[in-house]
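*Asks:* From the sequence below, what's the structure:
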Amino acid sequence: MSDLPRKAVTRTAKLAALPLGFAGRATWGLGKRIVGESADLVGRELQQRTADQLFKVLGELKGGAMKFGQALSVFESALPEEVAGPYRVALTKLQEAAPPMPTRTVHSVLEERLGAHWRELFEEFEDKPAAAASIGQVHRAVWHDGREVAVKVQYPGAGEALVSDLTQLSRFARLLGPLVPGVDIKPLIAELKDRVSEELDYGLEAQAQQAHADEFADDPDVVVPAVVHQRDQVLVTEWMDGVPLSEVIADGTQAQRDRAGQLLARFLFSGPARTGLLHADPHPGNFRLLPGGPDGEDDWRLGVLDFGTVDRLPGGLPSTIGAALRMALDGEADAVYEMLSAEGFVKESIELDPEAVLDYLLPIIEPAQADEFTFTRGWMRSQAARIADPRSPAYQLGKQLNLPPSYLLIHRVTLSTIGVLCQLGATVRLREELEQWLPGFATGPEAEEPDDEGPDDEQAAAEA
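*Replies:* Down below sits the predicted model:
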């Protein structure tokens, strides 16, 4: 039996206590203000106590609770700076570690999945996990052929925990919303639930990881560990050292930050074009900086881990995204509006002012305008405030736009990646990556007449 709480009643009780705790602290804060304490000081202390409780519970429960916390972690840079500190510390813990399951449970799972003689597969096996995350933990080992490997073992009961947690969290999504301005919590939880079966299927994960490992095998900038063995809920891959991106965010040099940001943007846009797959879990715990890039040991490469969640895009990212982005940058309001309407971003029952839609989009796509752009927490906060403030025209217009289901995961991955770039404070030549890898964005006639196929059409064509 692992220390992942498997009884639904136990997990439900812990999660149900969160909104009660929020309400209790709000009452406590009101009391402090009544007796004359500064509203700013009370607000900061209230935010810190809320962050401590929320992410402590999410990290302890692992499962869907921790998965939700990790998804939130990349939006930390949207928080006001005076309250971001507590979140930053708590969320960084969620990106890299969680309480491990007992050694006896690990051995039991390995025996059940790999057979009674599982130890013969390894020359060495470290019982203490090297990392523990939302649905499984990783052990360092040496494969029987001498290769250093990472052994990913799924927690018993992880499937039930994922579904139960996300269902419970969706019930009080409205209360969680104010914690991260500009992020719509309910669709985020719904999308995570939709991906549960893929997240648990290590066979699918092995296929996606090996597809990337093959494609990037000789790449000078990106490293993906190859799959060594997979059986049921156990996945063995080549071991990869490196500096976790969370450490680069905390203590990295500006050169490391800029290099990590450039390669992260390159991987986001080149991956679908090269593999037909979009890595859909871009939180810092899944990336490493490795020495030995194109310019030698003082240069860096990007190591990429965890392919449990991917979006399958056989034709790459839809060209409508690139074409609409290009036209928006060129100020073609009517053409952008027409394309967004055709793709379902504007419902047929709603009529909006094309110029107002363009004004809404331009600040968001600012990083693609210049040759290079510095992503900062301040820029991210300004975007979140603009979109989340009910008094702003952007908020009112944003409520009328629609996000088609086929674009939901692409949208979340893009926002999440931007969140990580802002955490890094990286200066990135984003336009350069878009012109090379985003269909429809490059200048020329091909950008003006994109394919009519959206993600769903591309999927159907590939399957046919």
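
*Asks:* domain parsing for the chain?
*Replies:* 8-96+171-180, 103-158+197-238, 243-464 (automatic domain parsing).

*Asks:* and the longest one, average pLDDT?
*Replies:* Right, domain 243-464. Averaged over domain 243-464, pLDDT sits at 87.

*Asks:* same question, the first one
*Replies:* Taken as a whole, domain 8-96+171-180 has a mean pLDDT of 53.

*Asks:* What's the local residue count around residue 426?
*Replies:* Neighbours of residue 426 under the rule other Cβ atoms under 10 Å: 28. Where you see a C-beta, it was placed from the backbone N, CA and C, and this is true even at glycine.

*Asks:* Let me see the contact set for it.
*Replies:* 257, 258, 260, 261, 262, 264, 374, 375 (Cβ atoms under 8 Å, 6 or more residues apart in numbering).

*Asks:* PyMOL command to pick out the buried ones of those?
*Replies:* Selection of the buried residues among the contacts of residue 426 in PyMOL, burial being defined by 16 or more other Cβ atoms under 10 Å:
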select buried, resi 257+258+260+261+262+264+375
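
*Asks:* want to throw the contacts of residue 426 into JSON lines with secondary structure and distance to residue 159?
*Replies:* Output for the contacts of residue 426, formatted as JSON lines (DSSP: H, G, I helix; E, B strand; the rest coil; distance: Cβ to Cβ, whole Å):
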{"residue": "257", "secondary structure": "helix", "distance to residue 159": "37"}
{"residue": "258", "secondary structure": "helix", "distance to residue 159": "40"}
{"residue": "260", "secondary structure": "helix", "distance to residue 159": "33"}
{"residue": "261", "secondary structure": "helix", "distance to residue 159": "35"}
{"residue": "262", "secondary structure": "helix", "distance to residue 159": "37"}
{"residue": "264", "secondary structure": "helix", "distance to residue 159": "30"}
{"residue": "374", "secondary structure": "strand", "distance to residue 159": "42"}
{"residue": "375", "secondary structure": "coil", "distance to residue 159": "36"}
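
*Asks:* what's the closest of the contacts of residue 426 to residue 123?
*Replies:* Nearest to residue 123 among the contacts of residue 426: residue 260, at 33.3 Å, using Cβ to Cβ.

*Asks:* From residue 295, how far out is the closest one?
*Replies:* 15 Å (Cβ to Cβ, to the nearest Å).

*Asks:* ok, now residue 259?
*Replies:* Note on residue 259: its distance to residue 295, by Cβ to Cβ, is 10 Å.

*Asks:* higher neighbour count, the two?
*Replies:* residue 259 (23 against 9).

*Asks:* Report the contact partners of residue 249.
*Replies:* 92, 257, 284, 420, 423, 424.

*Asks:* before we move on, what about residue 254?
*Replies:* residue 425.

*Asks:* Check residue 359 too.
*Replies:* Residue 359 neighbours (Cβ under 8 Å, 6+ apart): residue 393.

*Asks:* Could you check how far it is from residue 394?
*Replies:* As judged by Cβ to Cβ, residue 359 and residue 394 stand 8 Å apart.

*Asks:* now do residue 147
*Replies:* Where residue 394 is concerned, residue 147 sits at a distance of 52 Å (Cβ to Cβ).

*Asks:* Would you mark the buried spots in the one helix or strand residue 383 maps to?
*Replies:* Using DSSP states H and E, residue 383 maps to helix 377-388. Residues of helix 377-388 classed as buried by neighbour count (16+ other Cβ under 10 Å): 377, 379, 380, 381, 383, 384, 385, 386, 387, 388.

*Asks:* Check stretch 283-291 too.
*Replies:* For stretch 283-291, by 16+ other Cβ under 10 Å, it's 283, 284, 285, 286, 287, 288, 289, 290.

*Asks:* So the third one, which state does it fall into?
*Replies:* Same thing as residue 285. Counting by DSSP: H, G, I helix; E, B strand; the rest coil, the backbone at residue 285 sits in helix.

*Asks:* Tell me how far it lies from residue 139.
*Replies:* Residue 285 is 16 Å from residue 139, by Cβ to Cβ.
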